[in-house]
Every structure is written in C-alpha cells, then in structure tokens.
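S.K.: 3D model of this:
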Amino acid sequence: IALGLAAGAGAHAQTNVTIYGIVDAALVGESGGSAGHVTKVTSGAGSASRIGFRGTEELGDGLAAFFTLETGARIDTGEVDAAGTIFNRQAFVGLRTKAGSVALGRQFTPYHTTLAAVADPFGTGYAGTSKNLFPDNGTNVRASNTITYASPKVNGVNVDLAYSAGEQTALSAGRQFGGAIGYAAGPLTVRLAYNSKNTDVAATGTNHDLGRNTLLGANYDFKWVRLYAAYGIDKGFNSATLGNANNPYGGVKPTPSIDGRDMLLGFRAPVGPGTLMFSTMHKDDRTHFNQDATSWGIGYLYDLSKRTGLYAAYAHINNKNGAGYTVANNSESGSGNTGYDLGIRHTF
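M.R.: Okay, the predicted model is just below:
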C-alpha cells in the first residue's frame, strides 16, 4: 500500500509511504530437551510476523530523506513480540546521497544482514536456521542508538558501517561497532562482516573483555541450485551467547563459548512449484569445555502465489560434552535438539 503525501508548502516535495508486513504462523514440534515433547502454535517460525512503515522524500540534487518504523507481532496471541515496546524491530531515519546513506536509530547489524542475506539458505528462519549454532541473537542481530553508513555499490563492491552508543558515563561502556564489505556480480555474492561489543557497566564497575565476531559468507547461483557457505570466528565475553540459556537439557548448565568457530554449507534449489532448502553446520568450541555441536536442517517452501506460501522444515542437533544448542526458528530459541515447523506465510 503506497500513500503519496504532499510535503511543506514551499518545496512541494513528494513523500511516498509504504505499509508492509508479514503474517506467519506455524505448528511447531520440539523434543529432546528436559521439557519433553512440546507441540505449539507459534508466530513467525519462518519469518518474524511484523507490520512496518517505510517512506522516502526526494529533496532534490540527489538528496533524499528516508525512514522505517517496524514492530513485531505474535500471530498466535495478538500481542507485540517484545513487551513494553512499539517499534522494537526497526526504528530509524536518515539521509541518502550519491555518496551513500546515513541513518540513526534501532537497526540491524552488518553481522546479521550478512548471515541472513548472504550466508544462510534458510535466511535465519525455519527449523534449519543458522541461529541453531551461529550467535545470531541479542545485539548481534539489531542494536539501539545506532548510527550506520551504507556506501553505494561500485564495481560490485559496497561497504556498511555501524556504531551503537552505550550511553553510559564511560564512553566505551556498552558500545558496539562493526562493519561489512561485500562483492556481488553475476552469480557470485561474498561478504565479510565484523562485530565488536562492549558489555561493561559503568555504574557498577563491571568490566569484561570485548566480544568479537567475524563472519565470511558467500553464495553462488548455478541457476538450478544456489550453494551457500559461511565461516565464523567468535572470541571474547558474550561473543556467542546461547539462544536458550535456561539449561534446556537438565544436568550441568551449558557454558557459552568464548572461543569458537562456526561453519555452514547448504543450498537452495527450485523444486516443483517451490524451493528446497538444506544446510549442515558445525560448532567447534576451542575452550577447555570442548562443547562442540553438529546440526543439519531441511525445508521446503510451497508457493501458492507470489505473496502466500506453505512451508515445512525439520532440523536436528548433535550436542557434545554438555553443549546446550537447541533447534530454533526465526522467532523462538527452541527447547530441544530436534524440531519441525509446518506453517503458512503471507506478505503484504
């Protein structure tokens, strides 16, 4: 839905506002954890349900203003997906020029966009999501108080930079910064991303070493199949927090890795009226806990139309030495090492 709104009396610039969203619900089954077998209706297993508003205003001479306001919704209950928030998913405003764009507000990190758009055949959704083993949670996904810069694409190359202020009495406390450089031309897309976060708390004197994530992702389109690969390095405090940190398997509580390597291989292929997705992943924990894990996932999207589709996905994780990784989906962290989704998604 697009709305044309007349701007100020003098300039008569044109603002275009679009209302968009995703409505996604699924029957989800989980097993293998201390909670036993869980069956539930879940919102956003494939893609997080949301409604958003985005707009641009051409200001002349190649200058444009833009904004996005996006809130998450739970289709199973009708609630917002984060209590006490309105536009919890994205909320930013910025200016775009021929030299690139700058935006301020709550935004996705270059690390997450690399994983979702380049490295993961599941796009970080469904039971096969890279969230199962890669640290795609918390402020690794999106951060508040963020300033970003996105360069134009030159000969297939573009750069993204992000800085998130901790807004504490000590300048470095709580801040986060990162960036990515990518190349896309013909069938090849490759992107290198970095994220560094400081979890110090100035008011209490709490200090930790930096949590750092480096991610190299790539995909190559052979037309009949698109191959995906990713390699990540996670080092430091809170660099690889667990999606479900509540001791999902009982016994000794798993320990988040502070020195690990993440690997992924997968593909997407058109099969019949839909798309087949597959990936296998490995977590190499290089701490003395040696809590490694290996997973695989498979899924199929059946297109009923350009906007509506049905999906089915399944994944399994093999945890070692007390590792606590769980089969997640786009919106939930999961409760066990096996999970499936049967869902419907509509976009508008």
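S.K.: Now do the helices in this structure.
M.R.: Assigned by DSSP state H, the chain shows helices spanning 110-114.
S.K.: Low-confidence regions, it specifically.
M.R.: 1-13 (pLDDT under 70).
S.K.: who's in contact with stretch 205-212?
M.R.: 194-200, 233-240 (Cβ atoms under 8 Å, 6 or more residues apart in numbering). Any C-beta I mention is one placed from the backbone N, CA and C, and that applies to glycine too.
S.K.: let me redo that: stretch 87-94
M.R.: 48, 50, 52, 65-72, 80-82, 101-108, 142, 146, 148.
S.K.: Drop anything exposed from the residues you listed.
M.R.: 48, 50, 52, 65-72, 80-81, 101, 103, 105-108, 142, 146, 148 (16 or more other Cβ atoms under 10 Å).
S.K.: any idea how far residue 118 is from residue 229?
M.R.: 10 Å (Cβ to Cβ, to the nearest Å).
S.K.: Just the ones of the contacts of stretch 87-94 in strands?
M.R.: Using DSSP state E, the subset of the contacts of stretch 87-94 located in strands is 50, 52, 65-72, 101-108, 142, 146, 148.
S.K.: re earlier: residues shared between the contacts of residue 229 and residue 118?
M.R.: Joint contacts of residue 229 and residue 118 (Cβ under 8 Å, 6+ apart) are 217, 218, 219.
S.K.: Compare those and tell me which is most surrounded.
M.R.: Within the shared contacts of residue 229 and residue 118, residue 217 tops the neighbour count with 26 neighbours, counted by other Cβ atoms under 10 Å.
S.K.: That one contacts residue 230, doesn't it?
M.R.: Yes - assessed by Cβ atoms under 8 Å, residue 217 is found in contact with residue 230 at 4.4 Å.
S.K.: List the residues that are in contact with both of these two.
M.R.: 115, 119, 120.
S.K.: Mind putting these into JSON lines with neighbour count?
M.R.: Shown next, in JSON lines, are the shared contacts of residue 217 and residue 230 (neighbours: other Cβ atoms under 10 Å):
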{"residue": "115", "neighbour count": "30"}
{"residue": "119", "neighbour count": "29"}
{"residue": "120", "neighbour count": "28"}
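S.K.: So which of those sit within strands?
M.R.: Using DSSP E, none of those sit in strands.
S.K.: from the residues you listed, which single one is nearest residue 266?
M.R.: residue 120 (7.3 Å; Cβ to Cβ).
S.K.: Which residues are in contact with the closest one?
M.R.: 129, 130, 134, 217, 228, 230, 264, 266, 279.
S.K.: what residues are up against the fourth one?
M.R.: Translated: residue 217. 114, 115, 118, 119, 120, 190, 191, 193, 228, 229, 230 are the contacts of residue 217 under Cβ under 8 Å, 6+ apart.
S.K.: nearest residue to the most centrally placed residue in the chain other than its sequence neighbours?
M.R.: Nearest to the geometric centre of the chain sits residue 112, at 4.5 Å (Cα atoms, centre = their mean). Nearest non-adjacent residue to residue 112, counting by Cβ to Cβ, 6 or more residues apart in numbering: residue 141, 4.6 Å away.
S.K.: surely that neighbour meets residue 109?
M.R.: Yes - judged on Cβ under 8 Å, residue 141 makes contact with residue 109 at a distance of 6.6 Å.
S.K.: More neighbours: which of the two?
M.R.: residue 109 (29 against 18).
S.K.: Hmm, that one is touching residue 179, no?
M.R.: No - counting by Cβ under 8 Å, residue 109 does not reach residue 179; the two are 9.5 Å apart.
S.K.: sorry, back to before: just the contacts of residue 120: which are in strands?
M.R.: Reading strands off those with DSSP E, I get 217, 228, 230, 264, 266, 279.
S.K.: coming back round to it: can you pick out the residue with more neighbours from residue 229 and residue 118?
M.R.: In this view residue 229 and residue 118 are compared by other Cβ under 10 Å, and residue 118 has more residues nearby, 23 against 18.
S.K.: wait, isn't the more buried one in contact with residue 216?
M.R.: No - using Cβ under 8 Å, residue 118 is not in contact with residue 216, being 9.5 Å away.
S.K.: shared neighbours of these two, which are they?
M.R.: 190, 191.
S.K.: Let's see if you can find the most crowded of the contacts of residue 120.
M.R.: The member of these that has the most neighbours, counting by other Cβ under 10 Å, is residue 129 with 34 neighbours.
S.K.: Tell me the spacing between the spatially closest residue to that residue that is not a sequence neighbour and residue 156.
M.R.: Closest residue to residue 129 apart from its sequence neighbours, by Cβ to Cβ, 6+ apart: residue 122 at 5.1 Å. Separation of residue 122 from residue 156 (Cβ to Cβ): 25 Å.
S.K.: Neighbour count: the two, which is higher?
M.R.: With neighbours defined as other Cβ under 10 Å, residue 122 and residue 156 compare such that residue 122 has more, 29 against 13.
S.K.: For residue 155, see how far away that one is.
M.R.: Where residue 155 is concerned, residue 122 sits at a distance of 30 Å (Cβ to Cβ).
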